[in-house]
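Visitor: One predicted model, sequence on top.
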Amino acid sequence: MADPKTLPFGRMIVQIESAPGSGQFVAPCGFLKKSFKQTSQTSDTVVPDCDDPDLPADLQRNVVSRSWEVQGSGVLAMENHQFWQTWKYNCDSRAVQVIMGGPGAAGGGIYQGNGLLSDFSIDSDRKSEGGRAQVSVTIQSDGAYSFTPNP
């Protein structure tokens, strides 16, 4: 049996445009957990059986829209605090990249699209996490996104 090729934590990289339209990306420090979720909104149509309308009908679904979401949480790196605060305060859309692996990584590539910082929270508990402030962010898609496989 061959072992699967897996992706180490540090090779899933979240990069965010430093300022809207700048084309310059930063990878926020401090995340201990990162997630990238893709969803589709669907609409349902009830379709009866034409031969026997008394049978339970089937549902047929169509994709109406698609979106993505990035969540990150971990230690609040103070060098990123103003970045997060400015983005949340200004409510601007920024380019976001989720990099899966590096160049040539089997199955890897880059997801990219614009996103809005929909949630930014700071939490601190003296008895847990070594008494260090924690950060949690949620970035939601703002428009189309793409995936470019690694060469």
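Guide: Done, it's in. All values reported here derive from a predicted model rather than from experimental measurement.
Visitor: which residue sits closest to residue 88, ignoring its sequence neighbours?
Guide: Counting by Cβ to Cβ, 6 or more residues apart in numbering, residue 120 is the residue found nearest to residue 88 once chain neighbours are left out, at 4.5 Å. In this view, the C-beta of every residue, glycine as well, is placed from N, C-alpha and C.
Visitor: What residues does residue 121 make contact with?
Guide: Residue 121 sits next to 135-137 when contact means Cβ atoms under 8 Å, 6 or more residues apart in numbering.
Visitor: Tell me the buried residues in the strand or helix carrying residue 69?
Guide: Using DSSP states H and E, the element containing residue 69 is strand 58-75. Using 16 or more other Cβ atoms under 10 Å as the test for burial, strand 58-75 gives 67-74.
Visitor: low pLDDT regions in this structure?
Guide: Along the chain, the parts satisfying pLDDT under 70 run over 102-105.
Visitor: all helices for it, in order.
Guide: Remark: helices assigned in the chain by DSSP state H are 78-90.
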